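J.: Here is a sequence together with a model predicted from it:
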Amino acid sequence: MNQTESFPTKYWHELPNGRIQCDVCPRACKLSEGQRGLCFVRMRQDDAIVLTTYGRSSGYCIDPIEKKPLNHFLPGTPILSFGTAGCNLSCKFCQNWDISKSREIDTLADQASPAAIAQAAERLGCRSVAFTYNDPVIFMEYAIDVAQACRERGINSVAVTAGYICDEPRVEFYKHMDAANVDLKGFTEDFYKKLCAGELQPVLDTLRYLKHETDVWFEITNLIIPGWNDSDEELEAMTQWVVEELGPDVPLHFSAFHPDYKMMDVPRTPPATLTRARSIAMKNGVRYAYTGNVHDRAGDTTFCHQCGEKLIERDWYQLKSYRVDANGRCPTCNTICAGVFENESGHWGRRRQPVRLASFA
């Protein structure tokens, strides 16, 4: 099969009314022949559900891993990042809407086999490959094949995801991931219903699964939207849940919203709101709380939760100092900082480097 043709999938079942239900995510799209799911990339074809974007990407770029954001997974290293098109949520505030909401196959301008991506990552000096820009859950077959090819070359795989996936595919998907950043968009069902056309509970299930049933290193991002999920009450509830259900060592990134897509009338998140959220998180026992999309060196920096020593000082995505060993040990008090570290950090810095993979095919 040509890599850009429709690719067979297995998470679906037939319904008594003649439709076929997609079982990848809780949306459970019920499709007639030729119809696409809300994600746009999974379609009913010849009485089966196929993936229509296997082998195609909206583009490739080398990013700092801190941009995913992951602050506790191989700090300072470069990560080859790509996405496809479509999404299985309908977030009105989407900040990658030109990709995730795309209904144009022309968006997928670059082509690469899993082996070519793994080879490119190795030759470009990238320690990891990220499935990002849109949610890899919807192109999980392609992501898994890429992850397998990467693992054969010692390259890590990172999922940047909203965590909106059903139980059975969740197990298969994360079996192939080394790290993840999960977007916990809000902490009420009302928020998910009104702004995302989705549900909160499956995301919480994903977070619990990652913590208690896998060895995947993961961090959480919460995009704070003024007037929607920025109240003290919601931040208290969310951060308390994180500590009680996931433990104090899961890093939590509070990110600033900017007007975009269908929420152009909502103001930017004030930096003070992110600082307040970070303070609430730390008060409730989150050991590693960060701010994002703003210039805040204190909010970017990793501190020892025991003695307060600066362990990894950052300025945006630039590492200014790195004072942990491969075990994450604090040089002052020997307390372990949770994460995946090496004796020396990477030195990629803030660069963002677009690449074309044609030469690696």
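T.: That came through, no problem. Owing to the predicted nature of the structure, the values given are computational and were not obtained by experimental measurement.
J.: quick one: pLDDT of the nearest residue to residue 40 once chain neighbours are set aside?
T.: Counting by C-beta to C-beta, 6 or more residues apart in numbering, the nearest residue to residue 40 once its immediate chain neighbours are dropped is residue 86, at 3.8 Å. Placement of C-beta: from N, CA and C, glycine included. Looking at residue 86, its pLDDT stands at 90.
J.: would you say residue 86 is within a strand?
T.: No. Membership of residue 86 in a strand is not supported by DSSP: H, G, I helix; E, B strand; the rest coil, which gives coil.
J.: State the phi and psi torsions of it.
T.: Backbone torsions for residue 86, taken as degrees, to the nearest 10, come to phi 90, psi 170.
J.: ditto for residue 43
T.: The phi/psi pair for residue 43 (degrees, to the nearest 10) reads phi -140, psi 150.
J.: who's in contact with the residue lying closest to it once chain neighbours are set aside?
T.: Spatial nearest neighbour of residue 43, chain neighbours left out: residue 36 (4.5 Å); criterion: C-beta to C-beta, 6+ apart. If you count contacts by C-beta atoms under 8 Å, 6 or more residues apart in numbering, residue 36 has them with 42, 43, 44, 52.
J.: most neighbours, which of these?
T.: Neighbour counts for the contacts of residue 36, by other C-beta atoms under 10 Å, peak at residue 42, which reaches 29 neighbours.
J.: Just the pLDDT for that one.
T.: 97.
J.: again, but for the one 4 residues further on
T.: Taken from the predicted model, the pLDDT recorded for residue 46 is 95.
J.: how close does the residue nearest to residue 43 sit to residue 91?
T.: 19 Å (C-beta to C-beta, to the nearest Å).
J.: hmm, back to that, from the contacts of residue 36, which two are the most distant?
T.: 44 and 52 (10.8 Å; C-beta to C-beta).
J.: count of residues packed around residue 329?
T.: If you count neighbours by other C-beta under 10 Å, residue 329 ends up with 17.
J.: Could I get the contacting residues of it?
T.: Contacts of residue 329 by C-beta under 8 Å, 6+ apart are 335, 336, 337.
J.: let's see 10 Å
T.: 304, 311, 323, 335, 336, 337, 341 (C-beta atoms under 10 Å, 6 or more residues apart in numbering).
J.: tell me the contacts of the last one?
T.: Right, the one you point to is residue 341. 72-75, 311-312, 322, 324-329.
J.: Not including adjacent chain positions, what is the nearest residue to it?
T.: Sequence neighbours aside, residue 328 is the residue nearest to residue 341 in space, at 4.8 Å (criterion: C-beta to C-beta, 6+ apart).
J.: Against residue 115, how distant is the one you found?
T.: 33 Å.
J.: How about residue 295?
T.: For residue 295 relative to residue 115 (C-beta to C-beta), the value is 40 Å.
J.: between the two, who's got more neighbours?
T.: Per other C-beta under 10 Å, whichever of residue 295 and residue 115 has more neighbours is residue 115, with 17 against 10.
J.: now residue 142, nearest residue through space, not along the chain?
T.: residue 54 (4.7 Å).
J.: got any ranges where this protein has weak pLDDT?
T.: 1-5, 97-109, 359-361 (pLDDT under 70).
J.: Kindly list the longest strand within it.
T.: strand 217-224 (DSSP state E).
J.: So which elements touch that strand?
T.: strand 156-161, strand 179-183, helix 201-213, helix 232-241, strand 252-256, helix 271-283, strand 289-292 (3 or more C-beta pairs under 10 Å, 6 or more residues apart in numbering; DSSP states H and E).
J.: Identify, out of the ones you listed, the most deeply packed stretch.
T.: strand 156-161 (a mean of 26; mean count of other C-beta atoms under 10 Å).
J.: helices or strands up against it?
T.: strand 78-83, helix 114-123, strand 128-131, helix 140-152, helix 167-174, strand 179-183, helix 201-213, strand 217-224.
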